[in-house]
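# here are the coordinates; sequence isn't available:
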């Protein structure tokens, strides 16, 4: 194996530089898809690369090499990867797999808890009103999902803003935004370098819901006012305890104790003309992801040939 095995790791190092441009200059729906795909593909590619590097170290151990009928001596001679690099890759691989498995376990429990709570809540037309003066509103994933709004938030907004609020939260449910967040965070769990991509997804899903509400109501300025008004009302107030920490809300929170999201950026985006598809950013992202997948395939092919070359039988 040569340079191909390192390329996915190199892409992960520089990928965060593209998170902000995608989130700010690309239409939110497309940006969410691109950022989520980038996190998931690059996270997977980096795990595979670490695994390939680790295998080159394992076949140099005579006891392990004998299990596959390989020659440890030939592997030490033919493999260009330094043993120290292979050992470090093995340690990183173990940590990455552990973190990804831990993240999947917590997300599965979170979604299961949210689904159970959504099934138990008394709802009317998918809406649950909680008698609480703390202004808050969020979408609770489930089968089906629910929109949960506090009386404090309803008292803060007028009738037109109620419609905007509901359109925003229902957009979260109909577009399955929770899945995008979970997949992006899975990639970031596999490779911490990708965390800026996962963070950007939590912003772009809010922008996606904002734009959906603007399309439904036909008034971008009114939506911007509602987002800002809701954020000001909730500023400094304690947040409702959300079952399973799985809620998505107009305030851009990721959990009961998380702070409000970058609301000023969302308001500014709503006051500006809608963003386009940005073909240049889309093409650049597609090129990086395709290159990462091709490099991973090439590295796997190189390892296959190495294993054939060191075959003892």
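Yes, it's here. Given the structure is predicted, the values throughout are model-derived calculations rather than measurements.
# In the stretch 101-250 of the chain, what residue spans correspond to strands?
For the stretch 101-250 of the chain, the strands defined by DSSP state E, counting those that start in this stretch cover 127-130, 137-140, 146-150, 248-249.
# Can you mark which positions in the longest one are buried?
Residues of strand 146-150 classed as buried: 146-150 (neighbour count, 16 or more other CB atoms under 10 Å). Where you see a C-beta, it was placed from the backbone N, CA and C, and this is true even at glycine.
# picking up where we left off before, using CSV, please lay out the strands of the stretch 101-250 of the chain together with distance to residue 36.
Converted to CSV, the strands of the stretch 101-250 of the chain look like this (distance: least, CB to CB, whole Å):
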stretch, distance to residue 36
strand 127-130, 28
strand 137-140, 18
strand 146-150, 23
strand 248-249, 14
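# possible to save those as CSV with mean pLDDT and distance to residue 88?
Conversion of the strands of the stretch 101-250 of the chain to CSV gives the following (pLDDT from 0 to 100; distance: least, CB to CB, whole Å):
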stretch, mean pLDDT, distance to residue 88
strand 127-130, 88, 50
strand 137-140, 87, 42
strand 146-150, 89, 46
strand 248-249, 65, 38
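# what's the closest of those to residue 197?
Taking CB to CB as the measure, these were each checked against residue 197, and strand 248-249 came out nearest at 17.9 Å.
# so who does residue 207 touch?
Contact partners of residue 207, counting by CB atoms under 8 Å, 6 or more residues apart in numbering, are 23, 28, 31, 266, 269.
# Export those to TSV and append columns for pLDDT and neighbour count.
Formatted as TSV, the entries for the contacts of residue 207 read as follows, by pLDDT from 0 to 100; neighbours: other CB atoms under 10 Å:
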residue	pLDDT	neighbour count
23	94	25
28	96	23
31	97	29
266	92	24
269	93	22
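# Which members of the residues you listed are the farthest-apart pair?
Of all pairs drawn from these, the greatest distance, 13.0 Å, lies between 31 and 266 (CB to CB).
# Tell me how far the residue nearest to residue 296 when sequence neighbours are not counted lies from residue 191.
Counting by CB to CB, 6 or more residues apart in numbering, residue 45 is the residue found nearest to residue 296 once chain neighbours are left out, at 4.7 Å. Taking CB to CB, to the nearest Å as the measure, residue 45 and residue 191 are separated by 9 Å.
# So for the residue most central in space within the chain, what pLDDT did the model give?
Among the residues of the chain, the one closest to the centroid is residue 184, at 1.7 Å (CA atoms, centre = their mean). The model reports residue 184 with a pLDDT of 95.
# Give the full set of residues in contact with it.
35-36, 39-40, 197-198, 201.
# With residue 9 instead?
Contact partners of residue 9, counting by CB under 8 Å, 6+ apart, are 46, 49-50.
# Which of those residues fall within helices?
When DSSP state H defines the helices, the subset of the contacts of residue 9 inside them is 46, 49-50.
# Which one of those residues sits in the busiest neighbourhood?
If you count neighbours using other CB atoms under 10 Å, the busiest of the ones in helices among the contacts of residue 9 is residue 49, which has 28 neighbours.
# follow-up on the earlier one: quick one: the residue nearest to residue 296 from residue 22, how far?
Going from residue 45 to residue 22 by CB to CB gives 18 Å.
# Ok, residue 51 next?
When distances are taken as CB to CB, residue 51 and residue 22 turn out to be 28 Å apart.
# Residue 85 too?
In this structure, residue 85 and residue 22 are 32 Å apart, going by CB to CB.
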